[in-house]
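Participant: Next come a sequence and a model predicted from it.
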Amino acid sequence: GIVFLVFMVTFTASCKKEDDFKPELEVSKTFLSVASVANSVDTFAITSNTNWNVVSSQGWLAISPTSGSNNGTVTVTAEHNRDTTDRSAEVTVSAKGVAPQILTVTQRGSQYNLSVSVSTISIDYQANSTDSFYIYSDTTWVISNPTDWLTVEPLSGAKDGTITLTAEQNPDTNPRSAELTITSDGAKPQTVTVTQGGYVYSLRISRASFTIASEVSSTDTFTVFSDVDWVITNPESWLTVSPTSGSGNSVVTVTANEARVVGTSRSVRLDISSEHTPTRFLRVIQSGIPCGPNDEIPCEVSMYNIP
């Protein structure tokens, strides 16, 4: 009987002590701030007389430890915030029989520097035309190039660097452009617009004028220097031109189909034209015959025509 009485007294006292237990849970801070870089940390203290658990609302914020009992210190560790804007996570500390405690952790946005020396570049139409610009940065960067006619070297790097541009030949007479985009984690993207001039075609001739003899089949030549298709317009039937069209450089032959049987000369203007260049002009003169064997002065009616 005595043993049973002692047991009942002890059990009653234990139950009374358990009924009187009041869990406590407090945190030392309600706001934390961490830097944008990876593994940025901060801590807060938990004051408690019971078991507790800690959870983060965001995957980028790690908690250690995630559980414990009584008083303790908790460390929060953030991943790299690659955005330029701040971000936040809620950390909840909970325990049985007491209201949870909530902290807000704010991670600052990245503040990297990224700038370029120029925003526009003009480059010549010829093959292997080059130019360059400079990147100022304190982090890594990547260049996006949407074209295949422009080579950009290098396409990625870190810190400051010189970028070299090399263009293929622009076959069109119209200019063309490419917008390069330079991006970096945590910095505002930069753009550089590269404009290549249109092809400038060339058309030249070796002579502006020349004279052929009065006899039939008299001939001479000139040279067309060009990198484009061209055509020769000849309005007179007494002169043959060969060839009358071509592409690139070519020697052109002119031949008189008729003899000039009067003392005065005659001439014709040949037009050498192209779709992409100014027209060039060449005057061909066929001399008249002299009035007599010893007379070099042209006349309207030649003695050679008198029977």
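Facilitator: Received, thanks. Numbers count the residues shown, from 1 in each chain.

Participant: Run through the residues that contact the residue positioned nearest the centre of the chain.
Facilitator: The centre of the chain sits closest to residue 180, judged by Cα atoms, centre = their mean, with a distance of 1.9 Å. For residue 180, the contact set (Cβ atoms under 8 Å, 6 or more residues apart in numbering) comprises 143-145, 152, 191-194. To be clear about C-beta, it is placed using only N, CA and C from the backbone, and glycine gets the same treatment.

Participant: Check residue 131 too.
Facilitator: 121-123, 164-165, 194 are the contacts of residue 131 under Cβ under 8 Å, 6+ apart.

Participant: roughly how far apart are it and residue 158?
Facilitator: Look at residue 131 and residue 158: by Cβ to Cβ, to the nearest Å, they are 23 Å apart.

Participant: thinking residue 257 is in contact with residue 238, fair?
Facilitator: Yes - with contact defined as Cβ atoms under 8 Å, residue 257 counts as touching residue 238 (5.3 Å).

Participant: Quick one: the contacts of residue 131 as a markdown table, columns for distance to residue 62 too.
Facilitator: As requested, these are exported to a markdown table (distance: Cβ to Cβ, whole Å):
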| residue | distance to residue 62 |
| --- | --- |
| 121 | 45 |
| 122 | 51 |
| 123 | 50 |
| 164 | 43 |
| 165 | 44 |
| 194 | 44 |
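
Participant: Which one of the contacts of residue 180 is nearest to residue 201?
Facilitator: residue 194 (22.4 Å; Cβ to Cβ).

Participant: That closest one pairs with what?
Facilitator: residue 121, residue 178 (DSSP bridges).

Participant: Now do the contacts for it.
Facilitator: 120-123, 131, 150, 165, 167, 177-180.

Participant: Would you agree residue 269 is in contact with residue 280?
Facilitator: No - if you go by Cβ under 8 Å, residue 269 and residue 280 don't touch, sitting 10.7 Å apart.

Participant: which of those two has more neighbours?
Facilitator: Using other Cβ atoms under 10 Å as the criterion, residue 269 and residue 280 rank with residue 280 on top: 19 against 13.

Participant: which residues does that one contact?
Facilitator: Contacts here follow Cβ under 8 Å, 6+ apart; on that basis residue 280 touches 203-205, 271-273.

Participant: let's see it at 10 Å
Facilitator: With contact taken as Cβ atoms under 10 Å, 6 or more residues apart in numbering, residue 280 is in contact with 203-205, 208, 224-226, 230, 232, 270-274.

Participant: Same question for residue 192.
Facilitator: 116-121, 133, 135, 143, 152, 163, 165, 178-182.

Participant: are any of those buried, and which?
Facilitator: Among these, those buried by neighbour count (16 or more other Cβ atoms under 10 Å) are 116, 121, 133, 135, 143, 152, 163, 165, 178, 180, 182.

Participant: for those, which one is nearest residue 86?
Facilitator: Within these, the smallest distance to residue 86 is 23.9 Å, found for residue 182 (Cβ to Cβ).

Participant: who does that closest one bridge with?
Facilitator: residue 143, residue 190.

Participant: hang on, isn't it packed against residue 135?
Facilitator: Yes - counting by Cβ atoms under 10 Å, residue 135 is a contact partner of residue 182 at 6.3 Å.

Participant: Mutual contacts of the two, please.
Facilitator: The contact sets of residue 182 and residue 135 overlap at 114-116, 141, 143, 157, 163, 190, 192 (Cβ under 10 Å, 6+ apart).

Participant: and which of the buried ones among the contacts of residue 192 is nearest residue 53?
Facilitator: The shortest approach to residue 53 among these belongs to residue 182, at 45.7 Å (Cβ to Cβ).

Participant: contacting residues for that closest one?
Facilitator: By Cβ under 10 Å, 6+ apart, the contact list for residue 182 reads 114-116, 133, 135, 137, 141-144, 155-157, 163, 188-192.

Participant: circling back to that earlier point, pLDDT added to the contacts of residue 194, as JSON lines?
Facilitator: Compiled in JSON lines, those are given as follows (pLDDT from 0 to 100):
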{"residue": "120", "pLDDT": "97"}
{"residue": "121", "pLDDT": "97"}
{"residue": "122", "pLDDT": "96"}
{"residue": "123", "pLDDT": "96"}
{"residue": "131", "pLDDT": "97"}
{"residue": "150", "pLDDT": "97"}
{"residue": "165", "pLDDT": "97"}
{"residue": "167", "pLDDT": "97"}
{"residue": "177", "pLDDT": "96"}
{"residue": "178", "pLDDT": "96"}
{"residue": "179", "pLDDT": "97"}
{"residue": "180", "pLDDT": "97"}
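
Participant: Format those residues as a markdown table; extra columns: distance to residue 96.
Facilitator: A markdown table is the format used below for those (distance: Cβ to Cβ, whole Å):
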| residue | distance to residue 96 |
| --- | --- |
| 120 | 66 |
| 121 | 67 |
| 122 | 73 |
| 123 | 72 |
| 131 | 70 |
| 150 | 66 |
| 165 | 67 |
| 167 | 71 |
| 177 | 67 |
| 178 | 64 |
| 179 | 60 |
| 180 | 60 |
